[in-house]
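Colleague: predicted model follows, preceded by the sequence.
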Amino acid sequence: MDKEFIKKNALADKVNDVFNIGDKSTITAEDNDTVDGTAYSYSVVPPSVDDGFGHRVDVRGGTFLGGPANDEIYDTRTFFEGEEADLFGGGKRYETADALDSKPTTLTVLLRESSSGIAPSALRGSIKYPNVRYDIDKTSLFINNTTSAADIRQRNVGDCYFLAAILSIIQKDPQFFTRKMSLNNNTVSTTFYHQTGTIFNRRWTPVVVNTPYGIAHRNGEKIGSDYRISEDYKSKWYAKFENTVLSVNQDNYYQAALWVNCIEQAFTVFAANYGKYGKGKDWFDSNERYERITGGFEGDCLHIFYGDNASDKDMTNLAEPSDRRNILDDNKSILRNLLKFKQSLNDTQNNVHMFASTTSDQALERVQYHSKRALDEFNTRFDAIKSSSADDDKAMVPELIKAKNCLERIERCSRDYNASPRTGFIFTRNNPLYREGETQKMYKERMNNEMNEAVKELSLNPTFQNLNLSSYYDLKVTVAGQVQIKRQNITILTGHAYNIEDVDFVDINGQSLNNKTVNDVISNADIELSTVTLENPHGTTKMVYNGEQEEKLASGRFNMKLHEFLVGVGRVQMATSTNS
């Protein structure tokens, strides 16, 4: 039976359990924790556009909210011209008027003449060149009161599974979280569901988690997701006196998608009290707050958002690499689920959610298989070239020997990757694969680096590339140091969750098979023309080394060929939910 923890609170009503803002499990400025001797302090700080964290404005490419192009126009001046001379030339006194929401046509509307006011002696800014200040609109969690996949920008918490589930939900219902979250008096209220009742009568009950508004910090460093800032802004125009210096100001307020960082904060509170899947608190969990939500399964999260309107997950591993090479038939159950998902996309009531990921073990398994297969195919071709008497073939041999060494390094490193530091039974001895003083972590990093270097050398070897080995294509799909998967110019991470947004099955002539049966797909689908569309919770915020160079992770929405997907991805999850 699941262990259960039901929060008792004086503010609880008949419908919802309620976490108070002063709850010990809620992030506050005074909240501290000690785990395994390490002290953690948590706080929430108001968001800013100039803190090096949230300055990405334009989804389509980025406008940095910096200072003015020419600071000289903001210098304080003691002369007046034009309208200014008419206003201030006679020594009249003024007080400032109410702020305006749009650019005024004249300076007059920002001032009121008053005998008890101030006579300006200098001016800073003007209607044409106001003093511009940028800030976040702190009255909203959302941009234009809706959500977008562009809002999801995972940063330094390993909750990709949680964010992938959110991506799937907002793909089908962009207003879902605007109904689940609200901001009032600097408090964010988020509704989750957790299990209540007995083992014979389980049900999902809503609970409201209250957390402070702002960006979470841990030990003084920002923690959790980045936030997107809107392209558009609302302005406030106003005049202000500092002693006798009058300034003309334009404050631009940008909406920000702060809801993602805020829902992560709330999720840490929820997980501490109900478990991260809402099925009961883990009494043995002693992790730090954000470590508690690190790692998980996407489909399991749907109940905490939909309650009883979510189904249990269906998790399927892709078939292990096989010499049968019938990759579609090997993965019939995956294709059946992908077809079901595709055929449900137009159903606004019943949602099918699909996610893809690859564990380190699955990635290693694929590297081991494809590296050996690539080496075997290479040796067959190389033996034929070495036995040839043609001068052109003889000239290829030195470069192909280098390529052979690279393929052997990849195969050896993948085969020995999980070697233990020590071997033996009663009397232990050091594993000769390990260097002196090398820990298991250091050893695996060395294996990764060796494979990366071999991949790089192969990519720079035109003689090898001209062989066009079909098996090496599969190896490139599965290896860039084992910890990540390379496909063309995009890197897919191992141990990372992706939301599947779409799938398109077509035959060799480009004709759609999306409404056919799974057997039709297996018989007729072209694995190079058919595609799977995924979304990455990292967005565009992370760079990785792909074995050849630094490059962006597959960002936002991207496509993989069906062949690449089935070769490179290790696990697919499917779950369903209904809107009510």
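Modeller: Arrived safely. Numbering: from 1, shown residues only.

Colleague: could you use CA atoms for every contact and neighbour count after this?
Modeller: OK.

Colleague: just the CA atoms of stretch 149-157, as PDB, please.
Modeller: Taking Å, rounded to 0.1, in the frame of the first residue of the first chain, the C-alpha atoms of stretch 149-157 are listed here in PDB:
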ATOM      1  CA  ALA A 149       6.200  26.100 -25.400                       C
ATOM      2  CA  ALA A 150       8.700  29.000 -25.700                       C
ATOM      3  CA  ASP A 151       8.000  29.700 -22.000                       C
ATOM      4  CA  ILE A 152       9.700  26.400 -21.000                       C
ATOM      5  CA  ARG A 153      13.500  27.000 -20.400                       C
ATOM      6  CA  GLN A 154      14.900  24.400 -18.100                       C
ATOM      7  CA  ARG A 155      18.000  25.600 -16.300                       C
ATOM      8  CA  ASN A 156      19.800  24.000 -13.400                       C
ATOM      9  CA  VAL A 157      17.200  21.600 -11.900                       C
END
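
Colleague: ranges for the strands of the stretch 251-400 of the chain?
Modeller: 314-317, 350-357 (DSSP state E, counting those that start in this stretch).

Colleague: TSV for the ones you listed, including mean neighbour count, mean pLDDT and distance to residue 85?
Modeller: Converted to TSV, the strands of the stretch 251-400 of the chain look like this (neighbours: other CA atoms under 10 Å; pLDDT from 0 to 100; distance: least, CA to CA, whole Å):
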stretch	mean neighbour count	mean pLDDT	distance to residue 85
strand 314-317	16	80	75
strand 350-357	24	92	66
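
Colleague: what is the burial count for the residue lying closest to residue 115 once chain neighbours are set aside?
Modeller: Distance criterion CA to CA, 6 or more residues apart in numbering; nearest residue to residue 115, sequence neighbours excluded, is residue 93 at 5.9 Å. Using other CA atoms under 10 Å, residue 93 has 17 other residues around it.

Colleague: my guess is residue 93 contacts residue 121, does it?
Modeller: No. At 10.6 Å, residue 93 does not count as touching residue 121 under the criterion of CA atoms under 8 Å.

Colleague: quick one: contacts for the residue nearest to residue 115?
Modeller: Taking CA atoms under 8 Å, 6 or more residues apart in numbering, we find residue 93 in contact with 113-120.

Colleague: please apply the same query to residue 142.
Modeller: Counting by CA under 8 Å, 6+ apart, residue 142 touches 178, 255-259.

Colleague: would you mind listing which of the contacts of residue 93 are buried?
Modeller: Among these, those classed as buried by 16 or more other CA atoms under 10 Å are 113, 118-120.

Colleague: which residues does stretch 522-540 contact?
Modeller: 150, 152-155, 160, 163-164, 167, 328-329, 332, 497-508, 510, 513, 552-563, 565.

Colleague: now stretch 462-476
Modeller: 367, 370-371, 373-374, 377-378, 396, 399-400, 403, 458-459, 485-487, 564, 567.

Colleague: tell me the mean pLDDT for that stretch?
Modeller: The pLDDT scores in stretch 462-476 average 86.

Colleague: again with stretch 78-93
Modeller: Per-residue scores along stretch 78-93 average to 87.

Colleague: the helix or strand harbouring residue 501: what's the following helix or strand?
Modeller: Per DSSP states H and E, residue 501 falls inside strand 497-504. If you walk from strand 497-504 toward the C-terminus, the next helix or strand you reach (DSSP H and E) is helix 518-524.

Colleague: what angle do the helix or strand just after that next one and strand 350-357 make?
Modeller: Next along the chain after helix 518-524, taking DSSP H and E as the criterion, comes strand 531-536. With axes from the mean of the first three to the mean of the last three CA atoms, to 10 degrees defining the directions, strand 531-536 sits at 80 degrees from strand 350-357.

Colleague: packing partners for the helix of greatest length in the chain?
Modeller: If you go by DSSP state H, the chain has its longest helix at helix 360-386. Contacts defined by 3 or more CA pairs under 8 Å, 6 or more residues apart in numbering; DSSP states H and E place helix 360-386 against helix 391-415, helix 470-478, helix 562-568.

Colleague: highest mean neighbour count out of those helices?
Modeller: helix 562-568 (a mean of 23; mean count of other CA atoms under 10 Å).

Colleague: helices and strands around that one, which ones?
Modeller: Contacts defined by 3+ CA pairs under 8 Å, 6+ apart place helix 562-568 against helix 360-386, helix 470-478, strand 531-536.

Colleague: the first one vs helix 470-478, what angle?
Modeller: For helix 360-386 against helix 470-478, the angle between stretch directions is 150 degrees (the same axes, to 10 degrees).

Colleague: follow-up on the earlier one: now the strands of the stretch 251-400 of the chain in TSV, with distance to residue 431?
Modeller: Shown next, in TSV, are the strands of the stretch 251-400 of the chain (distance: least, CA to CA, whole Å):
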stretch	distance to residue 431
strand 314-317	33
strand 350-357	32
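
Colleague: of the ones you listed, which is nearest residue 207?
Modeller: The minimum distance between residue 207 and the strands of the stretch 251-400 of the chain falls on strand 350-357, with 23.0 Å, by CA to CA.

Colleague: tell me what the closest one is packed against?
Modeller: By 3+ CA pairs under 8 Å, 6+ apart, strand 350-357 packs against helix 160-172, helix 332-344, strand 497-504, strand 571-578.

Colleague: just the buried residues of the first one, please?
Modeller: Read it as helix 160-172. Applying 16+ other CA under 10 Å to helix 160-172 flags 160-172 as buried.

Colleague: pLDDT averaged over the next helix or strand after it - what is it?
Modeller: Where DSSP H and E defines the elements, the next helix or strand beyond helix 160-172 is helix 176-180. Mean per-residue pLDDT for helix 176-180: 96.

Colleague: so what's the residue count around the nearest residue to residue 232 once chain neighbours are set aside?
Modeller: The spatial neighbour of residue 232 that comes closest, neighbours along the chain excluded (CA to CA, 6+ apart), is residue 254 at 6.5 Å. Applying other CA under 10 Å, we find 22 residues neighbouring residue 254.

Colleague: run through the residues that contact residue 254.
Modeller: Contacts of residue 254 (CA under 8 Å, 6+ apart): 134-137, 229-234.

Colleague: quick one on the thing from earlier: so can I have JSON lines of the helices and strands packed on strand 350-357 showing distance to residue 443 and mean pLDDT?
Modeller: JSON lines is the format used below for the helices and strands packed on strand 350-357 (distance: least, CA to CA, whole Å; pLDDT from 0 to 100):
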{"stretch": "helix 160-172", "distance to residue 443": "27", "mean pLDDT": "95"}
{"stretch": "helix 332-344", "distance to residue 443": "35", "mean pLDDT": "94"}
{"stretch": "strand 497-504", "distance to residue 443": "26", "mean pLDDT": "94"}
{"stretch": "strand 571-578", "distance to residue 443": "27", "mean pLDDT": "91"}
